Every structure is written in structure tokens, then in C-alpha cells.
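Peer 1: here are the coordinates; sequence isn't available:
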């Protein structure tokens, strides 16, 4: 089975989820060709075990993200039975657009794959309250949640070729202006600490930032916090109407655990909940729970982390 992996970039390099995509492809017997949009991460991708070829797809359209233009440029060089991308905002859009261009089915947000008269795909549905396993025949496209699959190792030595697609894209975004942020995006982070309305005031999120700086985490928020305080942007929101995350560690502080929030983070590998209400629903999904106010728990947490 030939698999085309759409590389995920971050900070001018290859995002770790790309190796996870290759690992997932290998787990079902796939042979991976990696497409690197704008050439970002091509050399890194070539060193991933299981990758047989890397194509650096370059062109004017890659200056700013435009899902349609990127999909058009990548689709013209993509080959194989299966297209795999990360279940990020950009990955979902590119994979869905490429699937539409090819007239093939797409399954989003996979957390497990197998082979059973086709590709068996497991994913959460109904806001994470149920798990669905379905079978899709190739050719198809699949997006995979970050941190749900083991990453392929290093030591690879794949060939790297370059293709320029500037002439093949009719319309593309030339410039995008966005508010700069020094913080990690919650959708990309391996560790997340999120605050809810139980933080009491948006200025108290500074205490979350302090913990995040110590452990290299992104800072998130519940919908209640985002809706209540203008100072907390929607880009930080984790949940059904925000961002779906799958970090290795998710720390929820002052978050009660509404269904829509749980839908966005319940597949985290480990969940730590800090809440003064022992009956808060968040404790129902937490691996570790601390019944305390944030004022009691965070200083103690910072002190212990500072000793590491």
C-alpha cells in the first residue's frame, strides 16, 4: 500500500506529528512518500525510518496558508492509495480538499488504524462520548490525531526531490496578517495547562503562564473563560467549539468539566484536574485529581516543579 503523508510544519521545521503519521502508515503495511509544503522540513522528513521518498513541493502559494491553493499544489504530485495528514486545522482542510478533488472518501480524527478487508479506522464521535470503528476502502484520505500513534524512529535516508508548482495554482493568498504570539499553540503542544472560570479573573492566568514556562506547556482555556473575559482569546479555547487536543499531559485548573470541554481533551494521554469541587465532572475523566483551589495548588506545584 502506497501512502502519501502530508508533512505538518511548525516553527520553520517539521512537527513531531509527521513521524507519527509515518509510524501509523507503517503499522498497516504502508510505504510512505512525504510531501513537504513549501519545502519545510524536507531534510528532516528524509531521516524518518519508513520513508522511501520525500518531495519538496515549492511555489509562490506557500508564502501564506491557503487550504485550497496548498491542496491544489500538493494534489498534483500526490500518488498512492492513501493520503494521510494530521488532524490539525490545516491538515483537515488540506486532506478534505484533496479528497474532494480526487472523489475519494475521507475519515477525520482517527485515533487507531488496522487492516480488516480495508482500513479499519477508530475515532471518537458524539463529542467524544462514543468511539466508532469503521472500515474504509482505499483509495481514501485519513487525518490522524496527534499523539495517538507511535512515532517512527530515525535513521532513514530517503531521496529528496523538488517540484515547483507555482504555475499550477491559479489563486492563492499572498499575505496574511496575524497577531503574533510567543506562546505555543494548544493544537500543537505536547503539554497543556488550561484555566476555567474558576480562575476568578483573567489576570490570574499569569499563574498558569508561570507553570507553563517551567514545563514547556501551552496555555489553554475553557469556553466559559473565553466567553466571560475578553482578555482570553478564542485561540486558547479547548473544546467542541474550540480546538481538539491530544497532548501527553493535560492539566485542567478551575475547569468544572462541561461536556463540550471534555470533547476537546478527553483523549489526552494523562489528565490532571485541580478543582475545589470534589463532585466536578472533570474528575470523572482525570487520571489524577487535586481537590483544592488554584490559589492552594498552583504555588505548591510551581515549588515542586522548580526542584526538578
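Peer 2: Perfect, I can see it now. Please read these numbers as outputs of a predicted model, since none were measured by experiment.
Peer 1: Could you list the paired strands of the worst-scoring helix or strand of the chain on mean pLDDT along with their orientation?
Peer 2: Within the chain, confidence by mean pLDDT, DSSP states H and E is lowest for strand 9-10 among all helices and strands, at a mean of 86. Partners of strand 9-10 in the sheet, by DSSP bridges, are strand 13-14 (antiparallel).
Peer 1: right, and the helix or strand after the strand it pairs with?
Peer 2: The first helix or strand that comes after strand 13-14 along the chain, using DSSP states H and E, is helix 17-27.
Peer 1: which residues sit against the least confident helix or strand of the chain?
Peer 2: 15, 36, 37, 38, 40, 41, 188 (C-beta atoms under 8 Å, 6 or more residues apart in numbering). Using the backbone N, CA and C atoms, a C-beta is placed for each residue, glycine as well.
Peer 1: Please state the mean pLDDT value computed over stretch 82-98.
Peer 2: Computed over stretch 82-98, the mean pLDDT rounds to 93.
Peer 1: Let me know the secondary structure of the residue lying closest to residue 244 once chain neighbours are set aside.
Peer 2: Nearest non-adjacent residue to residue 244, counting by C-beta to C-beta, 6 or more residues apart in numbering: residue 264, 4.7 Å away. Following DSSP: H, G, I helix; E, B strand; the rest coil, the label given to residue 264 is helix.
Peer 1: picking up where we left off before, nearest to residue 260, of the contacts of strand 9-10?
Peer 2: Residue 260 has its nearest neighbour among the contacts of strand 9-10 in residue 188, at 21.3 Å by C-beta to C-beta.
Peer 1: Tell me, how many residues neighbour the closest one?
Peer 2: 20 (other C-beta atoms under 10 Å).
Peer 1: That one belongs to a helix?
Peer 2: No - membership of residue 188 in a helix is not supported by three-state DSSP, which gives coil.
Peer 1: my guess is it meets residue 90, correct?
Peer 2: No - between residue 188 and residue 90 there is no contact, the gap being 10.6 Å when judged by C-beta atoms under 8 Å.
Peer 1: sorry, back to before: distance-wise, check the residue nearest to residue 244 relative to residue 42.
Peer 2: Separation of residue 264 from residue 42 (C-beta to C-beta, to the nearest Å): 32 Å.
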